[in-house]
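Novice: with the input below, show me the fold.
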Amino acid sequence: MPSICFRRYLRTSLSPCARRAGHEATRSLKQSFWISPVLLLLTAFPLASRGTEPTIDAAFHGGNIVVERIEGDRVDLHQDLRDTEGSWFYWYFRVRGAAQRSFTFHFTQGDVIGVRGPAVSSDGGKTWQWLGTKAATRNSFRYAFGPDGEVRFCVAIPYLEANLREFLARHASSAHLHAQTLCITKKGRQVERLHLGKLDGEPTYRVLCTCRHHCCEMMASWALEGLMESVWADGDEGRWLRQNVEFLVIPFVDKDGVEDGDQGKNRKPHDHNRDYLGPSIYASVAAIRRFVPSWSQSKLVMALDLHCPVLRGGGNEQLVLVGDPAPAIWAQQQAFGRILQQVQSGPLVYDPKNNMPYGVGWNNLKEPRSFGRWASLLPGIRIAGILEVPYANAANQPVTPDSARALGHDLARAIRVYLARPKNPNGTIDKADILPIE
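Specialist: The predicted structure is shown next:
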């Protein structure tokens, strides 16, 4: 089929959902000609007709893009908002067959490119690097393709179920890891429930860590991975955690959204992080609300929910602890923050001055509908809330899988010190008490 035919229609969705993509493409073509939805998905969207036709699509786990039009070496496209209320900025697509050519990708619905440009992978999503800003603006970027057969582009560096499986496989033989299933999603996927640390007998403390309440917030997952690997680390730090703390980790609260490539934030009628008051409409949130109180047995002292903010500006390029309205919880958050500041050694630097107290900015939720507000009411809890991990830039340092993992190491070290010295109201410690993670 001549590639010129594909230029006759606009707004073709190439999401992983074949049925919906096929239906949308068919509707957009009714006034010109008919094309099989299956053929559409197989051929994707040609970029040009010179020689072998390059294609652009999002038909893979986590993919998200809507291609509008192609004119010469310019591609107009936008993020697929699907069931999102308002706008958001997640997108992830691949280009194949464009070797030795250059294209400009222009996003038509908002500023959806972060402060370090798009993330780029030329090995099928195994490794990533930031393109940088020389070839990128807030809503477009230009890329000169080399000999690579496939290049992927994303708003940040993806973290999917495949990444988690690869990570867990490296620790599968550990007696300090039990991987179980929290629930089955509406689309039939397993939501992982991981138990780490002190699993033989009763622990002194229990700690709950969650991630991806908003499925697009991928950089937080790399930090969570670093926190988990610290529990299994050699040396006194990991040993203390394994002897005293049972961690419960829910790595993908919105599992379907992660794998389908949804925005997640502001999902209609409400997103996963607004599902903790009244009957829950999401299976994973309902399961968390059922399981955690019985598992805790009043030993749950900390509940940490990892998020990412928006793409740029002010506090969105800083590590931020989001304050709880309860004075006692907020005091403990500040104490933990001071400890984190003292023990950190990674490149992503946390500064307590960037914390967001309740009532400042967007932190004004009145009802306990979020995970953090719900967790702060659990029996025995000392500290509960959100840590915001920037997408690309944290205090002028690049956020990458390695730097985010190092942040996870710092969080684990701070958790150890916070729990080992729980009676210290000011959160100050002696340097001699700081143990390195080896």
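Novice: so who does Leu306 touch?
Specialist: In this structure, Leu306 makes contact with Cys209, Thr210, Cys211, Glu217, Ala220, Ser221, Ala223, Leu224, Ile386, Leu387, Val389, judged by Cβ atoms under 8 Å, 6 or more residues apart in numbering. Yep, even glycine has a C-beta here, placed from its N, CA and C like the rest.
Novice: so which of those are in strands?
Specialist: Cys209, Thr210, Cys211, Ile386, Leu387 (DSSP state E).
Novice: which one of those residues is nearest to Arg69?
Specialist: Nearest to Arg69, judged by Cβ to Cβ, of the ones in strands among the contacts of Leu306 is Cys211 at 36.6 Å.
Novice: mind listing what the closest one touches?
Specialist: Glu217, Ala220, Ser221, Leu224, Val249, Ile250, Pro251, Phe252, Val253, Asp305, Leu306.
Novice: so of those, which ones are in helices?
Specialist: Those of the contacts of Cys211 mapping onto helices are Ala220, Ser221, Leu224, per DSSP state H.
Novice: can you lay out the residues you listed as a markdown table showing distance to Leu340?
Specialist: Converted to a markdown table, these look like this (distance: Cβ to Cβ, whole Å):
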| residue | distance to Leu340 |
| --- | --- |
| Ala220 | 16 |
| Ser221 | 19 |
| Leu224 | 15 |
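Novice: nearest to Thr84, of the residues you listed?
Specialist: Distance from Thr84 was checked for each of the ones in helices among the contacts of Cys211 by Cβ to Cβ. The minimum falls on Ala220, at 19.0 Å.
Novice: how close does the closest residue to that closest one other than its chain neighbours get to Gly97?
Specialist: Closest residue in space to Ala220, ignoring its immediate chain neighbours: Leu306 at 3.8 Å, by Cβ to Cβ, 6 or more residues apart in numbering. Leu306 sits 37 Å away from Gly97, going by Cβ to Cβ, to the nearest Å.
Novice: re earlier: which one of the ones in helices among the contacts of Cys211 is nearest Gln334?
Specialist: Out of the ones in helices among the contacts of Cys211, the member with the shortest distance to Gln334 (by Cβ to Cβ) is Ala220, at 21.1 Å.
Novice: the closest one touches Leu304, doesn't it?
Specialist: No. With contact defined as Cβ atoms under 8 Å, Ala220 does not reach Leu304; the gap is 10.5 Å.
Novice: higher neighbour count, those two?
Specialist: Ranked by neighbour count (other Cβ atoms under 10 Å), Ala220 and Leu304 place Ala220 first, with 29 against 25.
Novice: residue contacts, the more buried one?
Specialist: Cys211, Arg212, Leu306, His307, Cys308, Leu387, Val389, Ala404.
Novice: in JSON lines: those, plus distance to Leu319 and pLDDT.
Specialist: Shown next, in JSON lines, are the contacts of Ala220 (distance: Cβ to Cβ, whole Å; pLDDT from 0 to 100):
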{"residue": "Cys211", "distance to Leu319": "15", "pLDDT": "98"}
{"residue": "Arg212", "distance to Leu319": "18", "pLDDT": "98"}
{"residue": "Leu306", "distance to Leu319": "11", "pLDDT": "98"}
{"residue": "His307", "distance to Leu319": "11", "pLDDT": "98"}
{"residue": "Cys308", "distance to Leu319": "11", "pLDDT": "98"}
{"residue": "Leu387", "distance to Leu319": "7", "pLDDT": "98"}
{"residue": "Val389", "distance to Leu319": "7", "pLDDT": "98"}
{"residue": "Ala404", "distance to Leu319": "11", "pLDDT": "98"}
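Novice: any idea which of those residues is the one closest to Ser284?
Specialist: Set against Ser284, the nearest of these by Cβ to Cβ is Arg212 (9.7 Å).
Novice: does that closest one really touch Val258, like I thought?
Specialist: Yes. In this structure, Arg212 is within contact of Val258 by Cβ under 8 Å, at 5.8 Å.
Novice: and for these two, which residues touch both?
Specialist: Residues touching both Arg212 and Val258 (Cβ under 8 Å, 6+ apart) are Phe252, Gly264.
Novice: ranges for the helices of the chain?
Specialist: With DSSP H as the definition, the chain shows helices at residue ranges 18-29, 37-43, 161-169, 219-231, 236-244, 255-260, 283-296, 327-343, 371-375, 401-420.
Novice: any idea which of those helices gets closest to Asn355?
Specialist: Across these, Asn355 has its closest neighbour in helix 327-343 (6.1 Å, Cβ to Cβ).
Novice: quick revisit: of the ones in strands among the contacts of Leu306, just say which sits nearest to His272.
Specialist: Taking these together and measuring to His272 by Cβ to Cβ, the closest member is Thr210, at 9.7 Å.
Novice: circling back to that earlier point, restricted to buried residues, select the contacts of Leu306 in ChimeraX.
Specialist: Only the buried entries of these go into this ChimeraX selection, using 16 or more other Cβ atoms under 10 Å:
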select :209,210,211,217,220,221,223,224,386,387,389
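Novice: and Gly97, what's its pLDDT?
Specialist: Per-residue confidence at Gly97 stands at 89 (pLDDT).
Novice: neighbours of it, how many?
Specialist: By other Cβ under 10 Å, the residues close to Gly97 number 18.
Novice: how about it, nearest residue that isn't a chain neighbour?
Specialist: Spatial nearest neighbour of Gly97, excluding adjacent residues (Cβ to Cβ, 6+ apart): Pro54 at 3.9 Å.
Novice: ok, that neighbour to Leu131 distance?
Specialist: Taking Cβ to Cβ, one finds Pro54 at 18 Å from Leu131.
Novice: break this protein down into its domains, please.
Specialist: Domains of the chain are assigned by automatic domain parsing as 3-154, 161-433.
Novice: just say which of these is most tucked in.
Specialist: Of all those, domain 161-433 has the most neighbours on average by mean count of other Cβ atoms under 10 Å, namely a mean of 19.
Novice: chain neighbours aside, what residue packs nearest to Phe107?
Specialist: In space, Phe107 is closest to Asn139, 4.6 Å off (Cβ to Cβ, 6+ apart).
Novice: and what of Phe336?
Specialist: The shortest distance from Phe336 to any non-neighbouring residue, by Cβ to Cβ, 6+ apart, is to Tyr418 (5.2 Å).
Novice: same question, Glu202
Specialist: Lys299 (7.7 Å).
Novice: Gly110 too?
Specialist: Among residues not flanking Gly110 along the chain, Ser87 sits closest, at 5.5 Å (Cβ to Cβ, 6+ apart).
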